[in-house]
Every structure is written in C-alpha cells, then in structure tokens.
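Visitor: Got a sequence here, can you build the structure:
(one chain, ligands or ions: 1)
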Amino acid sequence: MLGSGFFALDPSDEIENADLGHDFETALQMAEQLAADLFGAKHSLFLVNGTTGGLHYLLMPVKGSVLIPRFSHQAVYSAMMLSQGRAVYLPPAYDVDWQIPLQPTVEQMEQEMRRGGVEALVLTHPTYYGTVADLDRVISCGRKHGTLVFVDEAHGGHFIFSDQLPQPALQCGADAVVQSTHKTLGSFTQTSMLHANNEYWFAKAVQAQRVLQTTSPSLVFFAVLDEVRRILAEQGRRLVGQALELAWECRRGLAKIEGVELLPQALQGDPGKVVFSLRDLGLTGIEVERTLRADYNIQVELSDYYSVLALVTLGDTPAGIERLTAAVKDLAGRRRHLGSRPLQRPKLDMPHLPPAVLTLREAFFAEKQFVSLAEAEGRISGGFLTPYPPGVPVIAPGEQFTPEIIEHLRWCIDINWTVRGLTAAQKVAVLEDNGRFCRTRKQGELHYA
Ligand SMILES: Cc1ncc(COP(=O)(O)O)c(C=O)c1O
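Guide: Prediction:
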C-alpha cells in the first residue's frame, strides 16, 4: 500500500556521504547550527520525540526545586519524574468569563523566588489558548534570583517571524526553549527543536539526550526539520505574515456572525489561535467541535466547555478559512432557527493546591491501591486527577487528599465533568504504604500517623 518510494525515504544513519566527506553526526550538527543561527540561539538540537523530549533533556539534570505553573503540560510533570528535583507549583488562576488558565504574575513568581532554593523556572509561552505572560519582567525576575529559565514554547516556534506576535522567549533572556516545530511551523509530527543560549546547561541537556533518545533516530525527521529551517530562513516572515493575515480574516468573518463571540484581545497573545464560542446560542465548545467535524468535515484544534480553538498556520489557505466561517455561519443560523437559549455559565471554583508530601518521582513509582473518594481523605495520591478540559491537575502524585479536593472532585462528577485519572468505578489511586507517608484524621485534625 505504501509503495517502495516510502521505504527508500528511510535511510540508515550508517551511510557516510562520500561527496561531502563527512559523516552523519557532522551533517546533523551543521544543520542544527543553521537552526540555531535562524532562531537566535548559540546551540540547537533537532528532536525526534517532540517538545516532550526536549523538556525531559532540560529538566533531567536538575536536582533542586523547580517552579512550574500548575497548568503546565504533562511533559513538564514527566520531566520532573525523571529528575531528582522537586516541583513547586504556581497555583492556577482562571479568566472568570472564559474559564481558561491565566499566566502566573510576576508578583507570584517573586514571592516564590524569595523563599530561595529555586534552581529552575519553567514557563509556558504561550499557553494552548495563546495567552502570554509579561515575559520580559518574568525572566528578569528569574535572572535576579539566579534561577535558570526554561521555556516550553511548544506553541511559539513561529514568534520570531513576525513583529505582530509576542517576543520569543530566547530574545527575552531565557536560558533555553523547546518548540514543537510540528505544531506551528509545518514539520512532521514528532519533530521539535531545542534552542539554548546557556552553554553550560546545553551540555547537560545533550548528555540527557544521549540517555533518553533512541540510538536510531529517523533521518527523515531530521531532513524534514532541516528543510523546514531552510524554507523559514528564506521565506519565514512572508509565510507567517500570510498566515496571520488569514487568521485576521477568519476573526473578521466570525465576528460578523450573530451569536459568535471571540476571545478578547487581552487574552489572545497569538492572533493565529482563533478562539471563539457559540455559548450564547446554547452550544458548548465540545458540541461545536463535534458538529463541525460530523456535518462540515472540518477538524479544529481543541475545544472546551465554552470555546473552540481553530489554529491558523502557514499550512492554511483562504479557501479553508472561508469554509470554516461559512460552516460556523450555517451552524449559528441553524441554532437561531431553533430558538436556542444561552448556555448556563457555572461559577468555576477551583480548590487550593493540596500539600505535597512526596516528590512526583517518589510517589509515581510507589506501590498503589485504588480507593473510593470517601476513603481517600488524608491519603497520598498515586496519580493525577485532572478535570479535562482545561487539563490542570487538582491533585498530583505525592500530594495529599484534603476534604476540599474531595468535595471538588465530587462536584466535577456531579456535573459530568470528565476527570482524567478517575477509574470507571470512580476510584482514585493512593499510595499503599499509608503508615509511612500519610497523615490520618484524628479529632477533626490532620496529624502524621
Ligand atoms: C504546552 C505544551 N507543551 C508541550 C507539549 C508537548 O509537545 P510535543 O507533542 O511536541 O511532545 C504540548 C503538546 O501538546 C503542549 O501543548
């Protein structure tokens, strides 16, 4: 079915290039250096295990505390499991109207940094919804306290190619960033790049890569990354500019449709992420995504209770944008015809972060058992419990179930909010060895057993 050409595309890295007189390693390093030059870094790595891999390489060598926003991607959490470090979370805040996670403030960072002992800070720039922090100030705060600043720029690889976009993190002084080239810049799925200006830490990341990466990386992936780099070096600004023009056209088209609301500008750092809602027509974002796929053959990037995210990249065309706006117009018309009522807007009350008793790594690999929510109070969680969307864990491995967390989880279940990590029988994973790690309840108080 695939044809012989498909397999011819997959050479081995054993091949030496007689014409160029150098081996595969040298060729790869030359390609990576060209990428570093383009993205304003001293060094770059081509990654075959996505941004997940790059975050793992940066964080595996860490030994101290790492400050991370609670809404961070699971790749940041798994990186912490590989390291000997301890995650310290910046509690999440949400936009009340759209219920999307907000970036931590400089004041929050400053407060945590002042406690001391923070070895690294991992920012997400931008969030999945395109929201950005005041990066200059946040990174200066990290610098002032002598903290390493790493940035999960999975959704920000294209920032360097337009002045309409937020500043790239490396240009704001980050030590290293990881970008999913496959998300916004058109390379193959799985391919990302790590860019670093901190030579000392880059050398550590390379060591970690040697441990964690396959010894047989796909040359196809490297070749595609190199070709994407070449195209971007020659035409990046033009291509990203065109994509942004299309995104603005898409916004203008959607804004004209009665009953369609767009995410306010203040929350939207990246205009290429078109976030819109049909909540006034009684549709959840999840229903809009499903209908666009089933009735109009259009796949959007993401949906949640209120909104849908249509991602406009340099792979999009005016015809595609027209198709999306026409579909949304048709869908909104159908809803209005039915006389639908606006969606209920429940107040989102997130619980406080629970106390952390063990590190992610200690708890994740410990022996576990499954208990009901009623039995979980005072026990140490063996897994994540994450209402999805927006995908921010209310409890992580090593943290203790408090009455507030349990009440919140019960509420999520009551309103049919999907909670990842909860079994079908609504049980949760807790550490088996309760006596060693856990607090038990005595006379209404929490004490160590
Ligand atoms: C914010 C963020 N960080 C990291 C990742 C992981 O990236 P990758 O899929 O390239 O491993 C994702 C993927 O969706 C993401 O959204």
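Visitor: distance between the ends of stretch 162-173?
Guide: Stretch 162-173 has an end-to-end distance of 18 Å (criterion: CA to CA, to the nearest Å).
Visitor: if you average pLDDT over it, what comes out?
Guide: For stretch 162-173, the per-residue pLDDT values average out at 96.
Visitor: contacting residues around that stretch?
Guide: 39-41, 123, 125-126, 132, 135-136, 139-140, 143, 149, 151, 153, 156, 158-160, 176-177, 195, 197, 237, 240-241, 244, 269-272 (CB atoms under 8 Å, 6 or more residues apart in numbering). All C-beta spots, glycine's among them, are computed from the backbone N, C-alpha and C.
Visitor: ok, which of those residues also contact the ligand?
Guide: By CB under 6 Å from any ligand atom, no member of those lies near the ligand.
Visitor: Out of those, which end up buried?
Guide: 39, 41, 123, 125-126, 132, 135, 139, 149, 151, 153, 156, 158-160, 176-177, 195, 197, 240-241, 244, 269-272 (16 or more other CB atoms under 10 Å).
Visitor: Now, these that are in strands?
Guide: Judged by DSSP state E, strands contain the following of these: 123, 149, 151, 176-177, 195.
Visitor: can you list the residues of the stretch 201-350 of the chain near the ligand?
Guide: Counting by CB under 6 Å from any ligand atom, no residue of the stretch 201-350 of the chain is near the ligand.
Visitor: Pick out the residue of the stretch 201-350 of the chain closest to the ligand.
Guide: residue 302 (9.3 Å; CB to the nearest ligand atom).
Visitor: Just say helix, strand or coil for the closest residue to that residue other than its chain neighbours.
Guide: Nearest residue to residue 302, sequence neighbours excluded (CB to CB, 6 or more residues apart in numbering): residue 309, at 4.2 Å. On the three-state scheme (DSSP: H, G, I helix; E, B strand; the rest coil), residue 309 is labelled strand.
Visitor: Residue 309: what's it in contact with?
Guide: 128-129, 273-275, 300-303.
Visitor: what residue lies at the spatial centre of this protein?
Guide: residue 73 (4.1 Å; CA atoms, centre = their mean).
Visitor: Surely that residue and residue 124 touch.
Guide: Yes - here residue 73 reaches residue 124: they are 6.9 Å apart, a contact under CB atoms under 8 Å.
Visitor: Could you name every residue contacting both of these two?
Guide: 152, 154.
Visitor: Tell me the confidence at the closest residue to residue 315 other than its chain neighbours?
Guide: Nearest residue to residue 315 in three dimensions, chain neighbours excluded: residue 186, at 5.4 Å (CB to CB, 6+ apart). For residue 186, the pLDDT comes out at 94.
Visitor: One more: the one 5 residues further on?
Guide: Residue-level confidence at residue 191 comes out at 98, pLDDT.
Visitor: Let me see the contact set for it.
Guide: Contacts of residue 191 (CB under 8 Å, 6+ apart): 46-48, 50, 181-182, 221, 224-225.
Visitor: gap between it and residue 31?
Guide: Distance, residue 191 to residue 31, by CB to CB, to the nearest Å: 12 Å.
Visitor: if I look at the two, which residues touch both of them?
Guide: 46, 225.
Visitor: what sits against whatever residue of the chain ends up closest to the ligand?
Guide: Closest residue of the chain to the ligand, CB to the nearest ligand atom: residue 50 (2.5 Å). Contacts of residue 50 were listed using CB under 8 Å, 6+ apart, and they are 75, 180, 182, 190-192.
Visitor: Just the element for residue 206, please.
Guide: Per DSSP states H and E: residue 206 is located in helix 199-212.
Visitor: rewinding a little: excluding residues flanking it in the chain, which one is nearest the residue nearest to the centre of the chain?
Guide: residue 152 (6.2 Å).
Visitor: Count the neighbours of the one you found for me.
Guide: 29 (other CB atoms under 10 Å).
Visitor: Secondary structure element for residue 326, which one?
Guide: Residue-wise, residue 326 maps onto helix 318-337 under DSSP H and E.
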